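**Q** Give the three-dimensional model of this entry:
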Amino acid sequence: MQQFLLIALVILGGASYWLYTENQTLKENNVKLELAIQQQEEAMTAIRESYERQGQSLLTMQSRNAQIEQEMNSYLDIFKRHNLDKLAQAKPGLITTRVNKGTQQVFESIENDSKELEALNNN
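**A** Have a look, this model is predicted:
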């Protein structure tokens, strides 16, 4: 009977030690998993913020593109309504001044757009 109690005590002690080590391992794994989940949540937040910024930039670019297309259509409409060859032959000084002024405005607009794009690329 004493041997039985001793064997039972050894078995229960071994089982208790095994359960204790398993519990410690599970706690360590749980801490590692919680850390991994936190890192994944931070990465998802960063991705979500980046996606939102890209969406805003895309909307801004689409709006600007619509403005540019509208401006282009108004310029093309001017060319459709006027015969510039005939007008340039009749009044060369008038046309030269206006064309030069318009060309200067286009170049300034391109320069400003280039500066805006460079600023966006640097951000």
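
**Q** Show me which residues of whatever helix or strand residue 118 lives in are buried.
**A** Using DSSP states H and E, residue 118 falls within helix 92-122. Neighbour-count burial for helix 92-122, counted by 16 or more other CB atoms under 10 Å, picks out residue 95. (Each C-beta comes from the backbone N, C-alpha and C, glycine too.)

**Q** so what secondary structure elements neighbour that helix?
**A** When contacts are defined as 3 or more CB pairs under 8 Å, 6 or more residues apart in numbering; DSSP states H and E, helix 92-122 packs onto helix 84-90.

**Q** May I have the helix it packs on exported as CSV, CA atoms only?
**A** Provided in CSV are the C-alpha atoms of helix 84-90 (Å, rounded to 0.1, in the frame of the first residue of the first chain):
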residue,chain,number,x,y,z
LEU,A,84,-6.6,83.0,-86.7
ASP,A,85,-4.8,82.9,-90.1
LYS,A,86,-7.2,85.5,-91.5
LEU,A,87,-7.0,87.6,-88.4
ALA,A,88,-3.2,87.4,-88.2
GLN,A,89,-2.9,88.7,-91.8
ALA,A,90,-5.3,91.5,-91.1
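
**Q** any idea how far that helix is from the chain center?
**A** Distance of helix 84-90 from its chain centroid, counting by CA atoms, centre = their mean, to the nearest Å, is 50 Å.

**Q** Use 52 as the first number from now on
**A** Okay, using 52 as the starting number, the last item reads as helix 135-141.

**Q** From the contact counts, what lies against it?
**A** Helix 135-141 makes packing contacts with helix 143-173 when contacts are defined by 3+ CB pairs under 8 Å, 6+ apart.

**Q** any idea how far residue 101 is from residue 89?
**A** 19 Å (CB to CB, to the nearest Å).
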